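[1] let's see this in three dimensions:
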Amino acid sequence: MAKRATLTVQQWGNSLAVRIPAAVARSARFVVGQPVELSVGEEGVLVKRAGRPKLTLAQKLAVFDPAQHGGEVMATYRIGAEEL
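    Model prediction:
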């Protein structure tokens, strides 16, 4: 069964905002940083996921595996045309 909530539109700077309750966000599989698409129809406003969330640098580093990605991220010595 779909989660539903009755909410109040609030002022947020020059825009309007609605907070998505945690239970509804989980049901919709929304996470922090989730890109969403808004569309307006006869029924009202539809909010749906639009791809994957962008990871922060900390999140990217947390999942980085040097063994899988070829070892060191940066060489510590000069290579090729860099040699003087």
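[2] the strands in the chain, which residues?
    Here the chain has its strands, by DSSP state E, at 10-12, 15-17, 36-41, 44-49.
[3] including mean pLDDT, could these go into TSV?
    Formatted as TSV, the strands of the chain follow (pLDDT from 0 to 100):
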stretch	mean pLDDT
strand 10-12	95
strand 15-17	95
strand 36-41	93
strand 44-49	90
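[4] and Leu61, which of these is closest to it?
    The minimum distance between Leu61 and these falls on strand 44-49, with 24.9 Å, by Cβ to Cβ. C-beta coordinates here come from the backbone N, C-alpha and C atoms, glycine included.
[5] grab the CA positions of the closest one and hand them over as PDB.
    Output in PDB follows, covering the C-alpha atoms of strand 44-49 (Å, rounded to 0.1, in the frame of the first residue of the first chain):
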ATOM      1  CA  GLY A  44      -1.600  18.100  -8.900                       C
ATOM      2  CA  VAL A  45       2.200  17.900  -8.600                       C
ATOM      3  CA  LEU A  46       4.000  14.600  -9.100                       C
ATOM      4  CA  VAL A  47       7.500  14.100  -7.600                       C
ATOM      5  CA  LYS A  48       9.500  11.100  -8.900                       C
ATOM      6  CA  ARG A  49      13.100  10.000  -8.700                       C
END
